[in-house]
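Q: Provided below for reference: sequence and predicted model.
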Amino acid sequence: MTHKCVIAICPGNSVTGGPELIHQLVDSINQNGGDAKVLYYPFERDFKVPNAYSKYNVKVCNIADVQNEDYQFVIPEIATQYTNRLPGSNFHIWWLSVDNHFKYLKDDFFGKCKLFIKRIIKHKSLPLDFNQLGNYKHWVQSYYAKEFLKSKNIESNFLSDFLNEEHLNQSI
């Protein structure tokens, strides 16, 4: 049985909780004999692994490296708009924060219009809505996210994270 390379999509130059989880996932796959890489977005720019994540075993690729269908893509909930730029359909949406997804999907009409215009000016597309998300596999790292997706009739599986040792060793 052959295993496909895992490509985890991650915002470039971002050092926050979500990107750290993505780097931890790639590191864990690589440490356990798998093949995983990070693909930073926006895809048109070149990024290096941030210093804060240099302790992780992470390889970086670019969009030109992933132009066939031999990959499994892990995409954070805030970056689902990139599915239309990636080959194949083997996408796993990882819900790191339900609330971050809604930052981009305003509920009221004027909020949607304002966001739409702002993203057009910046040449950015919107994350997929729930009608479009049903075709993909979904991972969650919290019960809150699992229950939220269940309320939208979307099935999910748990993929949890671990705390960075630096946080555990800090004095209170």
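A: Noted; the coordinates are in hand. Numbering: from 1, shown residues only.

Q: can we go C-alpha only for contacts and neighbour counts from here?
A: Noted.

Q: could you pull out the strands for the chain?
A: Remark: strands assigned in the chain by DSSP state E are 5-11, 36-41, 59-61, 71-76, 91-95, 137-140, 157-158.

Q: against which helices or strands is the longest one packed?
A: So that's strand 5-11. helix 17-31, strand 36-41, strand 71-76 (3 or more C-alpha pairs under 8 Å, 6 or more residues apart in numbering; DSSP states H and E).

Q: got a pLDDT number for Q24?
A: Looking at Q24, its pLDDT is 95.

Q: please shift the residue numbers so they start at 727 in all later answers.
A: Let's use 727 as the start, then, which means that last one is Q750.

Q: S754 versus the nearest residue to it once chain neighbours are set aside, what's the distance?
A: Among residues not flanking Q750 along the chain, Y782 sits closest, at 6.7 Å (C-alpha to C-alpha, 6 or more residues apart in numbering). Look at Y782 and S754: by C-alpha to C-alpha, to the nearest Å, they are 9 Å apart.

Q: now do Q858
A: Applying C-alpha to C-alpha to Q858 and S754 gives a distance of 30 Å.

Q: between these two, which has more neighbouring residues?
A: S754 (17 against 10; other C-alpha atoms under 10 Å).

Q: contact partners for the residue nearest the centre of the chain?
A: Centroid check for the chain by C-alpha atoms, centre = their mean gives P802 as the closest residue, at 2.1 Å. By C-alpha atoms under 8 Å, 6 or more residues apart in numbering, the contact set of P802 is 735-736, 819-822.

Q: for these, which single residue is the most surrounded?
A: W820 (28 neighbours).

Q: ok, back up a step: including mean pLDDT, could the strands of the chain go into JSON lines?
A: Formatted as JSON lines, the strands of the chain follow (pLDDT from 0 to 100):
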{"stretch": "strand 731-737", "mean pLDDT": "97"}
{"stretch": "strand 762-767", "mean pLDDT": "97"}
{"stretch": "strand 785-787", "mean pLDDT": "97"}
{"stretch": "strand 797-802", "mean pLDDT": "96"}
{"stretch": "strand 817-821", "mean pLDDT": "95"}
{"stretch": "strand 863-866", "mean pLDDT": "95"}
{"stretch": "strand 883-884", "mean pLDDT": "93"}
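
Q: thinking again about what came up before, what sits opposite the residue nearest to the centre of the chain in the beta ladder?
A: Beta-bridge partners recorded for P802 (DSSP bridges): W820.

Q: follow-up on the earlier one: list just the nearest of the contacts of P802 to Y766.
A: Checking these against Y766 with C-alpha to C-alpha, the nearest one is C736 at 4.8 Å.
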